[in-house]
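Asker: test case, fold it:
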Amino acid sequence: MQSRSYPFRGGFARPGWNFCSAAAPLRKGELQTIFTTRDVHPRDRFDYWHSVACKEIVEHESFPDSRAHFEAEIEVGSVGALDLVAFQNSPLKVEHAQAHISRMSSDQLLFCRETSGLVSVEQDGRQITLHPGDMTLLDPALPYSAKFSEDSRTLVLKLPRRELQARVGKTRGMLARQIPVGATDDTLISSFSAALPSLAGQVRPVCGRLAADFMLDLIAFSLAKAVESTTLRISSTKAMAILEIRATIKSRLADPDLDPQSVADAVGLSVRYANNILASQDTSIGRLILRERLEKCRQALEEPVQLRRSVSEVAFGWGFSDLTHFGRCFKKVYGMSPSDYQLSHRKG
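Answerer: So this is what the prediction gives:
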């Protein structure tokens, strides 16, 4: 994430500093506090918080229960492709309206997990209340409102829109659906999302990418399951089928015998029907297998701890059986041969 500075009484606050006189260094495995109302004059607190919140979360209008006694804190970080924002604030109402949307372009979706307190959310005609551990998806490209209770603390994962839609298709019908903590699957996603802040800035880039990819898979599964019993049953069933196809492919990438028929058999579909479903995302079983294998090989060729491995070892390890085919496909996607790609990272 880019370095930021925000105005406050007497100067500027930079990342790693609270709005107070002394430095507040970032401790290992934590998000970075970029704003806190501590030691800010009460008359300035809300206005400064609102300015930072509009930049870091989403542009909006806020209506606090009490300006004079307003308190808040905002922390940020990132894990792989996921930007994280954790915030807590005094009771207030938030409105993200069409006027705000017209001034922005968003390539991200907001996955929210309530850590403590309560928050009521309304978007696209649905209204829900999140309790601690509960989660939901919001789209900043559409209006929404939220009301935060006393002691509310929320973690927001900013998801790459294209990455999530590649997993579940169109997401509008999945917005403002309550994902309650309770079921084993949803407890897993709630627990893993709660653990993400501890990884911010602490893991290798490749581990960050793996964690983000796993988080996106879990979110996609929970969203598809959340709408399974609604009027969107047909589309959600297809989304679940896509997730099962992707999960099967990922779990068997190293198998050189993995092919469209074996994947279709594993998920209980015909190859033709599976490819018809995947066509909505402009792909097929065969193309998914190839893309996932190439990505795993690319990661291995650039990861410092794997640079001792030969190109052939990497390719065969991820299920390729023809080095010429592998090299041609790799160069088409990444713009250089596998050996040149590996060499460029050895020099780096």
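Asker: quick check: buried residues in the helix or strand where Lys225 lies?
Answerer: Following DSSP states H and E, one finds Lys225 within helix 205-226. By neighbour count on 16 or more other CB atoms under 10 Å, the buried set for helix 205-226 is 206, 208-209, 211-213, 215-226. Heads up, the C-betas are built off the backbone N, CA and C, glycines and all.
Asker: and that helix, what's its mean pLDDT?
Answerer: Averaged across helix 205-226, pLDDT comes to 86.
Asker: can you tell me what sits against it?
Answerer: 78-82, 111, 135, 137, 157, 159, 163-164, 167-168, 171, 174, 177-179, 185-186, 188-189, 192-193, 196, 199, 203, 236, 239-240, 243, 246-247, 299, 302-303 (CB atoms under 8 Å, 6 or more residues apart in numbering).
Asker: just the buried ones from those?
Answerer: Members of the contacts of helix 205-226 classed as buried by 16+ other CB under 10 Å are 78-82, 111, 135, 137, 157, 159, 163-164, 167-168, 171, 174, 177, 179, 186, 189, 193, 196, 199, 203, 236, 239-240, 243, 246, 299, 302.
Asker: just the ones of those residues in helices?
Answerer: Judged by DSSP state H, helices contain the following of the buried ones among the contacts of helix 205-226: 163-164, 167-168, 186, 189, 193, 236, 239-240, 243, 246, 299, 302.
Asker: farthest-separated two in those residues?
Answerer: Spanning the widest gap among those are Ser236 and Glu302, at 36.6 Å by CB to CB.
Asker: how far away from the center of its chain is stretch 62-70?
Answerer: Remark: stretch 62-70 is offset 30 Å from the chain centroid, using CA atoms, centre = their mean, to the nearest Å.
Asker: Val311: how many residues sit nearby?
Answerer: Using other CB atoms under 10 Å, the number of residues around Val311 comes to 21.
Asker: ok, it - contacts?
Answerer: Neighbour list for Val311: 301, 323, 338-339, 342 [criterion: CB under 8 Å, 6+ apart].
Asker: for Asp39, see how far away it is.
Answerer: Distance, Val311 to Asp39, by CB to CB, to the nearest Å: 57 Å.
Asker: ok, Val206 next?
Answerer: 40 Å.
Asker: same question for Arg162.
Answerer: According to CB to CB, Arg162 and Asp39 sit 41 Å apart.
Asker: could you report the separation of Cys297 from Thr248?
Answerer: For Cys297 relative to Thr248 (CB to CB), the value is 19 Å.
Asker: Glu313 now?
Answerer: 25 Å.
Asker: out of the two, which sits in the busier spot?
Answerer: Here Glu313 and Thr248 are compared on neighbour count by other CB under 10 Å; more neighbours surround Thr248, at 18 against 12.
Asker: which residues are in contact with Asp243?
Answerer: Rather than Asp, residue 243 is Leu. 167-168, 217, 220-221, 224.
Asker: of all those, which comes closest to Leu258?
Answerer: Looking across the contacts of Leu243 and measuring by CB to CB, the closest to Leu258 is Asp217, at 18.3 Å.
Asker: quick check, nearest of the contacts of Leu243 to Ala141?
Answerer: Minimum distance to Ala141 across the contacts of Leu243 is 16.3 Å, recorded for Val168 (CB to CB).
Asker: my read: the closest one touches Thr237, true?
Answerer: No - Val168 lies out of contact with Thr237 (CB atoms under 8 Å); the separation is 11.6 Å.
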